[in-house]
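# coordinates for the following, if possible.
(one chain, ligands or ions: 1)
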Amino acid sequence: MNVLISSFLCADWSYNDQSSWSKDSSQCSGQNQSPININTKTVKDTKLCFHIHWGNQDNKGSEHSIDNKFSAAEIHFVHYNKKYGSLVNAMTKPDGLLVLSVLAKHSPSPNRNLNLLTKAAEKISSFHATHVIQSNSHFQLDQLFPINLNGIYRYQGSLTTPPCYETVTWLIFKNTIEISSDQIKVFRGLQQSSGKKLLTNLRNIQPLNGRTVFLF
Ligand SMILES: [Zn+2]
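Here you go, the predicted model:
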């Protein structure tokens, strides 16, 4: 990320007369200008679910790759816009979905913060690829986030499972968390609806097709 510090000394507008900015810059009178006041009483709430992806190899269990390198697992926090009532309704809307993604690197020692997920997985006998665990107040979601939150990749994409709607704003943390082989094994032990073990639940990498990925 580059930081640009600029001064406005050469500009021919003034902070004293902001209502005249739109004379030279018509966009200054647009309908979606910043900054804004954030009224916490009218903020639209988004609802959150999360799930995890893994693979049949410890070094290839993430859906996204960074410079063609996969991680051991990938956790998706799926936020859907509450105004649409449900994930199913929101997923077809342009402002319906935001997925926050955490990549997990393979590590020799287990990550205790993942115990909630592995314990839940041990209790469930059958598990669909997109099974959703509802978060609750007893669980701090940020336990599953990297310690250093600096650096987030953002791009416009899709669901990674059918119906693959292109309605997802993806935010992927640059920094990773850790997961051990034994922890991944717990997930591989989950059963699909067919009764077979779900050894992997990854979609293949899709072409970029000219899209830009931004780093914040
Ligand atoms: Zn996912």
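# could you list the low-pLDDT ranges of this protein?
Within the chain, the segments meeting pLDDT under 70 span 1-11, 38, 44-48, 124-139, 193.
# chain neighbours aside, what residue packs nearest to S181?
Nearest residue to S181, sequence neighbours excluded (CB to CB, 6 or more residues apart in numbering): D58, at 5.4 Å. Heads up, the C-betas are built off the backbone N, CA and C, glycines and all.
# burial count for N204?
Counted by other CB atoms under 10 Å, the residues lying close to N204 total 6.
# what strand or helix carries it?
Assignment of secondary structure by DSSP states H and E places N204 within no helix or strand.
# for T167, see how far away it is.
Separation of N204 from T167 (CB to CB, to the nearest Å): 20 Å.
# just the helices in this protein please.
Counting by DSSP state H, the chain has helices at residues 21-24, 87-90, 115-123, 181-188.
# could you dump the ones you listed to TSV with mean neighbour count and distance to Y15?
Shown next, in TSV, are those (neighbours: other CB atoms under 10 Å; distance: least, CB to CB, whole Å):
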stretch	mean neighbour count	distance to Y15
helix 21-24	12	10
helix 87-90	16	40
helix 115-123	15	50
helix 181-188	18	55
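# wait, which of those is closest to V99?
Minimum separation from V99 across the helices of the chain (CB to CB) falls at helix 87-90, 11.2 Å.
# OK, contacts around the residue nearest to I147 when sequence neighbours are not counted?
Sequence neighbours aside, N175 is the residue nearest to I147 in space, at 7.4 Å (criterion: CB to CB, 6+ apart). N175 makes contact with 146-151 under the criterion CB atoms under 8 Å, 6 or more residues apart in numbering.
# filter these to the buried ones?
Buried members of the contacts of N175, scored by 16 or more other CB atoms under 10 Å, are P146.
# what's the farthest-apart pair in the contacts of N175?
Those two in the contacts of N175 that are separated most widely, counting by CB to CB, are I147 and G151, at 12.3 Å.
# ok, T212 touching G157?
No - using CB atoms under 8 Å, T212 makes no contact with G157, being 11.8 Å away.
# ok, these two, which is more surrounded?
Neighbour comparison, T212 and G157: the larger count goes to G157, with 19 against 8 (by other CB under 10 Å).
# okay, the helices of the chain in JSON lines with distance to E74 next?
Output for these, formatted as JSON lines (distance: least, CB to CB, whole Å):
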{"stretch": "helix 21-24", "distance to E74": "44"}
{"stretch": "helix 87-90", "distance to E74": "18"}
{"stretch": "helix 115-123", "distance to E74": "12"}
{"stretch": "helix 181-188", "distance to E74": "11"}
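# who wins for proximity to S109 among those?
When these are compared by CB to CB, helix 181-188 sits nearest S109, at 9.7 Å.
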